[in-house]
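Undergrad: Using only what follows, build the 3D model:
(one chain, ligands or ions: 1)
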Amino acid sequence: MSGEPQSERFIWNRKHLLGLRELSREELFHIFDTAEGFKEISRRSIKKAPPLRGKVVVNLFFEDSTRTRNSFSLAASRLSADVMEFTAKTSSVSKGETLRDTARNLEAMGIDIVVIRHSAGGAPHLLSRCIDACVINAGDGYHEHPTQGLLDIFTIRELRGDMTGLKVAIVGDIAHSRVARSNIWGLHTLGAQVFLVGPPTLMPSEVGKLPVTVCHDFDAIIGQMDVMNMLRVQFERIGSTVFPSVREYTRLFGLTMNRMKRAKKDVIVMHPGPINRGLELESEVADGPNSTILRQVANGLAVRMAVLFLVNQAAAQK
Ligand code: CP
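TA: Model prediction:
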């Protein structure tokens, strides 16, 4: 693995991880180097280390999740924290309790780190202002999903080393994608060239302000790309009028075996999950040799261990 190694003297001083937009190159590399060190714990016969012993991590999820939630739970357990699982649907949120009251009541029980997923952009930022615990954003509305961005970029870095000049296409439903935004900021900071590919109706309104090249013709650029991150079409967030039909979407923007013939032989194919198989990604591609989908999930564990460790370390210094 290459990429810039961190100075041993680098001091991480953020007790919250709210987004990748505000992180510097040095901070990104420090997370990656810390994650690299934590990968070894998962190879031990007893997969446990003590850094968060006696600490309490709360998973505060107001939206469904398979990868992020379980990965944070396992990451916290691997670091010996106690983990409290909160699911909005089965909580007093259903009786009208606010986010602030919910968090402050949990904090009264003595918690150290809150991992929050919420449908409202900015919910983790609000939380960081009304509780003392560390706050980690596990996805807020269309805004950011920083640990997904980190694990995606960590995976690219593992395979390619230096990001400078690397061409990364983020394809599909950009407008509703917090994954896209975190990837854009992190990749841009590390010197990659980001291409957003999709229909105009699935581009965000602020696209002109993002450090990206926009393209509506996938076939025109596919042959130049080093990485293609295929986004899920988020049917739960979009109306039925953003593209004419599922078949039309797949014809223009789906990654099929046929379209892969135009790509570089060693192109990295990513997807944050869950996949709409046969829509944005053909199964043969998702399960094929260029796919890093399960590697991303495995790396997510080490990245989340690193983030939990670092925010706790920063809180202890304050
Ligand atoms: N990639 C991702 O956030 O997946 P989940 O919604 O399953 O957490």
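
Undergrad: How about the residues of the protein by the ligand?
TA: Counting by C-beta under 6 Å from any ligand atom, the chain comes close to the ligand at 65-68, 139, 145, 148, 272-274. Backbone N, C-alpha and C define where each C-beta goes, glycine included.

Undergrad: Among those, which are located in helices?
TA: When the residues of the chain next to the ligand are checked against helices (DSSP state H), the matches are 67-68, 148.

Undergrad: Just put those in TSV and tack on pLDDT, distance to D217 and neighbour count.
TA: TSV is the format used below for those (pLDDT from 0 to 100; distance: C-beta to C-beta, whole Å; neighbours: other C-beta atoms under 10 Å):
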residue	pLDDT	distance to D217	neighbour count
R67	98	31	17
T68	98	32	24
Q148	98	27	26
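
Undergrad: Let me see the contact set for the residue in the stretch 101-250 of the chain that the ligand sits nearest to.
TA: The nearest approach of the stretch 101-250 of the chain to the ligand comes at Q148, 5.2 Å away (C-beta to the nearest ligand atom). The contact partners of Q148, by C-beta atoms under 8 Å, 6 or more residues apart in numbering, come to 68, 139, 178-179, 182-183, 272, 300.

Undergrad: cool, A180 as well?
TA: Residues counted as contacts of A180 (C-beta under 8 Å, 6+ apart) are 170, 174, 196, 229, 231.

Undergrad: unless I'm mixing things up, the third one is touching V212, no?
TA: What that stands for is L196. Yes - using C-beta atoms under 8 Å, L196 makes contact with V212 at a distance of 4.9 Å.

Undergrad: More neighbours: these two, which one.
TA: Just comparing L196 and V212: by other C-beta atoms under 10 Å the higher neighbour count belongs to L196, 25 against 20.

Undergrad: Longest helix in this protein, please.
TA: The single longest helix within the chain, with elements called by DSSP H, is helix 293-317.

Undergrad: Tell me which helix or strand V135 sits in.
TA: Under the criterion of DSSP states H and E, V135 resides in strand 134-140.

Undergrad: which other residues reach that strand?
TA: Applying C-beta under 8 Å, 6+ apart, the external contacts of strand 134-140 come out as 15-19, 59, 61, 63, 65, 68-69, 72, 112-125, 127-128, 144-148, 178, 307-308, 311-312, 314-315.

Undergrad: Now a ChimeraX select for only the buried ones of the residues you listed.
TA: Entered in ChimeraX, the line below selects the buried ones among those, by 16 or more other C-beta atoms under 10 Å:
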select :15,16,17,18,19,59,61,63,65,68,69,72,112,113,114,115,116,117,118,121,123,124,127,128,144,145,146,147,148,178,307,308,311,312,314,315
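
Undergrad: Just the contacts of strand 134-140: which are in strands?
TA: In strands, defined here by DSSP state E, the members of the contacts of strand 134-140 are 59, 61, 113-118.

Undergrad: Which pair of the residues you listed spans the longest distance?
TA: I113 and H118 (16.0 Å; C-beta to C-beta).

Undergrad: about what we covered before: Serialize the contacts of Q148 to a markdown table and add fields for distance to E158.
TA: What follows is the contacts of Q148, written out as a markdown table (distance: C-beta to C-beta, whole Å):
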| residue | distance to E158 |
| --- | --- |
| T68 | 20 |
| G139 | 23 |
| R178 | 23 |
| V179 | 18 |
| S182 | 18 |
| N183 | 16 |
| P272 | 17 |
| G300 | 13 |
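
Undergrad: Any stretches of the stretch 201-318 of the chain with poor pLDDT?
TA: 238-242 (pLDDT under 70).

Undergrad: where along it do the helices fall?
TA: Listed in chain order, the helices of the stretch 201-318 of the chain (DSSP state H, counting those that start in this stretch) span 218-221, 246-253, 257-260, 283-286, 293-317.
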